[in-house]
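# take this sequence and fold it.
(one chain, ligands or ions: 2)
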Amino acid sequence: MSELAQRALEGHVASGARIIRWLEDGERAGIEALKELYPKSGRAHLVGITGPPGAGKSTLVDALIAENRSRGRRVAVVAIDPSSPFSGGAILGDRVRMQRHATDPDVFIRSMATRGQLGGLSRSTFEATAVLDAMGYDIVMVETVGVGQDELEVVDLAHTTLVVNVPGLGDDIQAIKAGILEVGDVFVLNKADRSGADDTERALLTMLHLRGVIEGVWAPPLLKTVAVREEGIPELVDACDAHRADLEASGALEGAAATRGEHFFAELLRDFAVEKIIASATARAFYPKLLESVRAREIDPYTAAEQLVSAFEPNFDD
Ligand SMILES: Nc1nc2c(ncn2[C@@H]2O[C@H](COP(=O)(O)OP(=O)(O)O)[C@@H](O)[C@H]2O)c(=O)[nH]1
Ligand SMILES: [Mg+2]
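Residues are numbered from 1 along each chain as shown. Ligands and ions are numbered 1, 2, ... in the order given. Just a heads-up that it's a prediction; the model follows:
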């Protein structure tokens, strides 16, 4: 094993941070290190936190770090900035909110930009969580902004997904997309100090009830918090722990880990295959002609893509 990977495994923060940065930049050395670390991952509890911008996710994460630390756990956080106009400056804000933990050697906080690329969240974030998991952090939290695809992708990544809402929804629950309601494991009504909290709580409970309660199946709880005053935080950590215990007991934890590995593999396969096909096709003389035909509508894009791909027949002998 390389010295860098070895040091990361021992929990050396700067080594882990360097590997994650390389991975983000798509540097080969990062992938080589991840290959060494990956087999050592699989122990951390991966917790995703999603919800609309300004809901108090970063403030909650800060409070969750403190509570988990008081329980003797080492904690890592990856805060995703989708680099969208909606969340300008999110990275700086997130850092500021978690500042008090910056000097704690058992807390790792990292902001990542997804740079708007497709699958950005799944790939670099998945890689970062695998590194942090191998580094021995007990809890790895991923904060995403609830816009676009990211919030649904975080569900594939996390064992436990926290969905954060705030008062003011009233009867109008448009703010919560149907998809995320179905996948949340623990619901949080933050800013419970604000007026309208009870109305929103009722509306959310009604919606959760509509999901149906099935005997022996995890029923997502709704917890009220005031993140700025750290109210409701121990109960929230208890709920996360209970969800993990439930996953373990039902065997779903293993299933989820397998699915995650498969998802990651499929993701890499897609990236690598596209890279390879594009690289070898664009180097050939026929490619500019094909492209020109597509532009001129002499051939439709489907047929063109099919023709190109059909030229690549891999020979797998199994
Ligand atoms: N009144 C109130 N404000 C809160 C609470 N939690 C967070 N905030 C404030 O809401 C704003 C947005 O918080 P932030 O954690 O950055 O939200 P994020 O965008 O979801 O990460 C900040 O000004 C926080 O101080 C809360 O429980 N009550
Ligand atoms: Mg935030």
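# by average pLDDT, which secondary structure element in the chain comes out worst?
helix 120 (a mean of 50; mean pLDDT, DSSP states H and E).
# closest point of the stretch 151-300 of the chain to ligand 2, which residue?
The minimum distance from the stretch 151-300 of the chain to ligand 2, using C-beta to the ion, falls at residue 164 (9.9 Å). For glycine as for every other residue, the C-beta is placed from the backbone atoms N, C-alpha and C.
# how about stretch 49-58: buried residues?
By neighbour count with 16 or more other C-beta atoms under 10 Å, stretch 49-58 contains the buried residues 49-52, 55-58.
# near ligand 1 too, which of those residues?
Among these, the residues lying close to ligand 1 (C-beta under 6 Å from any ligand atom) are 55-58.
# show the subsequent helix or strand relative to the least confident helix or strand of the chain.
helix 126-134 (DSSP states H and E).
# list the contacts of that following helix.
Identification of contacts with helix 126-134 by C-beta atoms under 8 Å, 6 or more residues apart in numbering yields 8-9, 16, 19-20, 23-24, 30, 33-34, 37-38, 40-44, 46, 76, 78, 108, 110, 112, 140, 142, 157, 260, 264, 267.
# what's the mean pLDDT across it?
For helix 126-134, mean pLDDT is 94.
# list the contacts for the residue in the stretch 101-250 of the chain that ligand 2 sits nearest to?
Residue nearest to ligand 2 within the stretch 101-250 of the chain (C-beta to the ion): residue 143, separated by 5.7 Å. Listed by C-beta under 8 Å, 6+ apart, the contact set of residue 143 reads 49-50, 57-58, 61, 77-80, 94.
# one more time with 7 Å, if that's ok
By C-beta atoms under 7 Å, 6 or more residues apart in numbering, residue 143 lies in contact with 49, 57-58, 61, 77, 79-80, 94.
# for it, what are phi and psi?
Phi and psi for residue 143, reported as degrees, to the nearest 10, are phi -100, psi 120.
# hey, what's it bridged with?
For residue 143, the beta-bridge partners under DSSP bridges are residue 49, residue 79.
# could you give the angle of the longest helix anywhere in the chain to helix 126-134?
Ranked by number of residues, the top helix in the chain under DSSP state H is helix 252-282. If you take axes from the mean of the first three to the mean of the last three C-alpha atoms, to 10 degrees, helix 252-282 sits at 140 degrees to helix 126-134.
# what is the next helix or strand after helix 252-282 packed up against?
Using DSSP H and E, the helix or strand that follows helix 252-282 in sequence is helix 286-295. Under the contact definition 3 or more C-beta pairs under 7 Å, 6 or more residues apart in numbering; DSSP states H and E, helix 286-295 sits against helix 301-310.
# got the contact list for the helix or strand that contains residue 32?
Here residue 32 sits within helix 28-37, counting by DSSP H and E. With contact meaning C-beta under 7 Å, 6+ apart, helix 28-37 is reached by 1-2, 4-5, 8-9, 19, 22-23, 127, 130-131, 134.
# where in this protein is pLDDT low?
For the chain, residues meeting the criterion pLDDT under 70 lie at 81-95, 114-122, 146-154, 169-180.
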